[in-house]
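K.L.:
Build me a structure from this.
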Amino acid sequence: MTLQLRTVSQWVNEHGKMVHEESGGLPVLELKEHEDVKWIGEDYDISSTEQKLVQTLEKDYDIRITNVSDGIRISTKNDVGVMQFEKFILKVKPKFVEFKNFGRLLDFVNNIPSEQFDDEIQFEGKFDHPIELVIGSFLGSVEKLIQHGIYKSYVEHQDDVSFLKGKLIMKNQILNDVKFNMKFNCEFDEFTSNNLENQIIRFTLEHCKFLTKFPKRKKLIQKLISKFDSQIEVKKRIVVNDFRKIAYTRLNSQYERPHKLAKLIIKNIGLQSFNYQRTKFIVPFFVKMWDLWEKFLGNLFENYYDDSVRAIQQDSHSAWLIHGESHPIKPDLVLYQNGKILTVADAKYMRELTIGGKEMYQIAFYINHLSLSTGYAILPFENNLDYEIQVPLQKISIKVRHIPMDKYLDILYSKQSQNEIKKEISSKLKKLIPL
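P.N.:
Numbers count the residues shown, from 1 in each chain. This next block holds a predicted model:
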């Protein structure tokens with residue numbers, strides 16, 4: 001990255017809407033992914049109370065902020081989002097998609113129709129509140145979840161009960177007898193909706209009710225909460241590690257998508273814990289663009305390529321044997337037809353493949369391992385041409401293709417019928433990867 005120099009006052013003057021009036025007239029320091037900018041202006045430093053927040057941004061989101069003698073230096077990598085500091089607002093924009101389509105991108109990768117929320121997010125500077133876009137997707141996924149039915153499971157309990165139930169815990173029962181407690185201390189399984197899957201949803205809904213600034217959305221959240229079983233315990237705290245305790249099966253698979261959105265919201269809630277006042281106008285939020293890019297491509301090919309072709313995301317194939325233990329490879333996309341592998345494609349969120357870089361070796365390995373002659377690297381479009389990388393000695397080739405996210409999202413959310421949209425997207429995808 002090349003270091004750029006920008007004077008804060010000049011930047012604000014040249015970009016007339018770069019002062020956030022609702023947050024006290026703070027300047028908005030705006031840059032894109034993978035940029036390194038030195039902002040010149042003595043009044044725009046990081047205070048001592050914000051140092052922990054800065055450390056968290058660097059650790060979790062690869063955003064580095066340092067005070068320099070005549071201003072502040074900010075460098076970014078793959079995360080985009082927004083954060084309010086005491087003296088300025090930091091906004092990191094995506095390189096390959098316009099802000100007007102960012103909400104659509106979030107909805108599309110999570111299979112949520114965005115129309116129900118479009119009327120609410122029609123304010124100046126939509127991206128000042130990206131958390132609202134995620135909350136919208138989360139609420140849409142919870143509505144679908146409730147329509148499908150709340151998941152119940154057997155949960156182990158230990159309690160004093162009036163009748164013998166399950167297994168008697170003798171140690172605790174002796175203590176009950178000493179205290180003249182006439183109840184039985186039992187360990188038993190109970191078929192209930194008060195499980196971790198539902199506790200995560202309930203916890204996230206409760207927090208979204210305070211995070212969102214839209215009255216209409218607050219009412220919807222309260223409505224969704226009321227539809228949940230009253231047995232579901234409202235946890236005081238849910239953390240990212242709690243998601244690792246859940247194994248998704250056929251019975252609870254419908255929770256995987258809303259949980260991914262809940263995890264994103266909960267992770268960003270953590271940014272508020274470092275002296276981040278609730279009175280600040282902007283809720284902090286960051287998301288990894290390479291992850292959205294992979295999911296975007298996966299959904300495109302899975303749902304729009306061709307009905308005779310099965311596109312599997314993160315398809316697992318045993319490839320490595322280490323100390324007698326098998327380890328898999330997981331290409332982003334493997335296309336099957338009649339049970340036979342057609343081709344392999346990998347999503348690469350970058351401007352171009354580096355010659356001799358790890359990405360080329362990775363895709364070449366996939367091609368050889370799956371006994372194919374051709375594979376694809378799919379990159380975001382930025383006025384660059386498609387091309388082919390040939391490996392003559394191995395008789396394989398990597399075809400580099402580009403997809404413009406904005407154009408595809410405009411089609412996906414156009415007023416055409418679903419059949420017309422699918423036909424147009426399918427035609428474009430088949431030009432990239434012919435059957």
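K.L.:
mind checking pLDDT for residue 199?
P.N.:
The model reports residue 199 with a pLDDT of 90.
K.L.:
I'd like to know how many residues surround the nearest residue to it once chain neighbours are set aside.
P.N.:
Using Cβ to Cβ, 6 or more residues apart in numbering and skipping residues adjacent in sequence, the residue nearest residue 199 is residue 235, 5.2 Å away. Using the backbone N, CA and C atoms, a C-beta is placed for each residue, glycine as well. Other residues within reach of residue 235, judged by other Cβ atoms under 10 Å, total 14.
K.L.:
Could you report the distance from residue 235 to residue 207?
P.N.:
Separation of residue 235 from residue 207 (Cβ to Cβ, to the nearest Å): 11 Å.
K.L.:
ok now do the residue nearest to residue 199, which residues does it touch?
P.N.:
199, 202-203 (Cβ atoms under 8 Å, 6 or more residues apart in numbering).
K.L.:
do that again at 10 Å, thanks
P.N.:
Listed by Cβ atoms under 10 Å, 6 or more residues apart in numbering, the contact partners of residue 235 are 196, 199-200, 202-203, 206, 242.
K.L.:
Tell me which of these fall in strands.
P.N.:
In strands, judged by DSSP state E, none of those are found.
K.L.:
where along the stretch 1-150 of the chain do the strands fall?
P.N.:
3-7, 19-20, 26-32, 36-40, 64-68, 71-75, 79-84, 89-93 (DSSP state E, counting those that start in this stretch).
K.L.:
Quick one: closest of those strands to residue 306.
P.N.:
If you check each of the strands of the stretch 1-150 of the chain against residue 306 by Cβ to Cβ, strand 79-84 wins as the nearest, at 32.1 Å.
K.L.:
Run the angle between that closest one and strand 64-68 for me.
P.N.:
When axes from the mean of the first three to the mean of the last three Cα atoms, to 10 degrees is applied, the directions of strand 79-84 and strand 64-68 differ by 50 degrees.
K.L.:
Which residues belonging to strand 79-84 are considered buried?
P.N.:
79-84 (16 or more other Cβ atoms under 10 Å).
K.L.:
do stretch 312-324 as well
P.N.:
Applying 16+ other Cβ under 10 Å to stretch 312-324 flags 312-313, 315 as buried.
K.L.:
Check stretch 152-171 too.
P.N.:
Those would be 152-153, 166, 169, for stretch 152-171 by 16+ other Cβ under 10 Å.
K.L.:
what's the answer for stretch 362-375, then?
P.N.:
Here stretch 362-375 shows 362-364, 366-367, 370, 372, 375 as buried, counting by 16+ other Cβ under 10 Å.
K.L.:
from these, which two are the most distant?
P.N.:
Maximum distance among these (Cβ to Cβ): 14.1 Å, for 362 and 372.
K.L.:
Quick check: beta-bridge partners of residue 66?
P.N.:
residue 73 (DSSP bridges).
K.L.:
Looking at it now. What's its pLDDT?
P.N.:
91.
K.L.:
Neighbours of it, how many?
P.N.:
The burial count for residue 66: 13, using other Cβ under 10 Å.
K.L.:
what's the answer for the one 5 residues further on, then?
P.N.:
Other residues near residue 71 come to 21 when the count uses other Cβ under 10 Å.
K.L.:
now the closest residue to it other than its chain neighbours: how far from residue 59?
P.N.:
In this structure, residue 71 finds its nearest non-sequential neighbour in residue 40, 4.4 Å apart by Cβ to Cβ, 6+ apart. From residue 40 across to residue 59, the span is 27 Å (Cβ to Cβ).
K.L.:
Compare the two (neighbour count), which wins?
P.N.:
Using other Cβ under 10 Å as the criterion, residue 40 and residue 59 rank with residue 40 on top: 18 against 9.
K.L.:
That one and residue 29 touch, don't they?
P.N.:
No. Using Cβ atoms under 10 Å, residue 40 is not in contact with residue 29; the gap is 11.3 Å.
K.L.:
what sits against residue 355?
P.N.:
residue 389 are the contacts of residue 355 under Cβ under 10 Å, 6+ apart.
K.L.:
which sections of the chain are below the confidence cut-off?
P.N.:
Counting by pLDDT under 70, the chain shows low-confidence ranges at 1, 8-24, 42, 112-129, 229, 270-281.
K.L.:
Can you give me the domain assignment for it?
P.N.:
1-95, 96-152+193-273, 153-192, 305-432 (automatic domain parsing).
K.L.:
To residue 295, which of these lies closest?
P.N.:
domain 96-152+193-273 (3.8 Å).
K.L.:
what's the spacing between the closest one and its chain's center?
P.N.:
The chain centroid and the centroid of domain 96-152+193-273 are separated by 11 Å under Cα atoms, centre = their mean, to the nearest Å.
K.L.:
now stretch 302-313
P.N.:
On Cα atoms, centre = their mean, the centre of stretch 302-313 falls 22 Å from the chain's centre.
K.L.:
Mind listing what's buried along it?
P.N.:
Applying 16+ other Cβ under 10 Å to stretch 302-313 flags 302, 304-306, 309-313 as buried.
K.L.:
The residues you listed: which two are farthest apart?
P.N.:
Top of the distance list for the buried residues of stretch 302-313 (Cβ to Cβ): 306 and 313, 16.0 Å.
K.L.:
does residue 318 sit in a helix or strand, and which one?
P.N.:
Residue 318 belongs to strand 317-322 when assigned by DSSP states H and E.
K.L.:
what packs against that strand?
P.N.:
On a contact count with 3 or more Cβ pairs under 10 Å, 6 or more residues apart in numbering; DSSP states H and E, strand 317-322 meets strand 325-329, helix 358-369.
K.L.:
quick one: it to helix 358-369, angle?
P.N.:
100 degrees.
K.L.:
Can you list the strands that strand 317-322 pairs with?
P.N.:
Counting by DSSP bridges, strand 317-322 is paired with strand 325-329 (antiparallel).
K.L.:
what about the partner strand, distance to the chain center?
P.N.:
26 Å.
K.L.:
Mind listing residues that contact it?
P.N.:
With Cβ under 10 Å, 6+ apart, strand 325-329 has contacts from 314-321, 344, 362, 365-366, 369-370.
K.L.:
would you turn the domains of the chain into a markdown table with distance to residue 298?
P.N.:
Listed next are the domains of the chain as a markdown table, based on distance: least, Cβ to Cβ, whole Å:
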| stretch | distance to residue 298 |
| --- | --- |
| domain 1-95 | 18 |
| domain 96-152+193-273 | 8 |
| domain 153-192 | 29 |
| domain 305-432 | 4 |
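K.L.:
Going toward the C-terminus from the lengthiest helix in the chain, what's the next helix or strand?
P.N.:
In terms of residue count, the longest helix belonging to the chain (DSSP state H) is helix 130-148. Once the chain leaves helix 130-148, the next helix or strand it forms, by DSSP H and E, is strand 153-161.
K.L.:
Quick one: list the elements packing against that following strand.
P.N.:
Going by 3+ Cβ pairs under 10 Å, 6+ apart, strand 153-161 lies up against helix 170-178, strand 184-192, helix 196-211.
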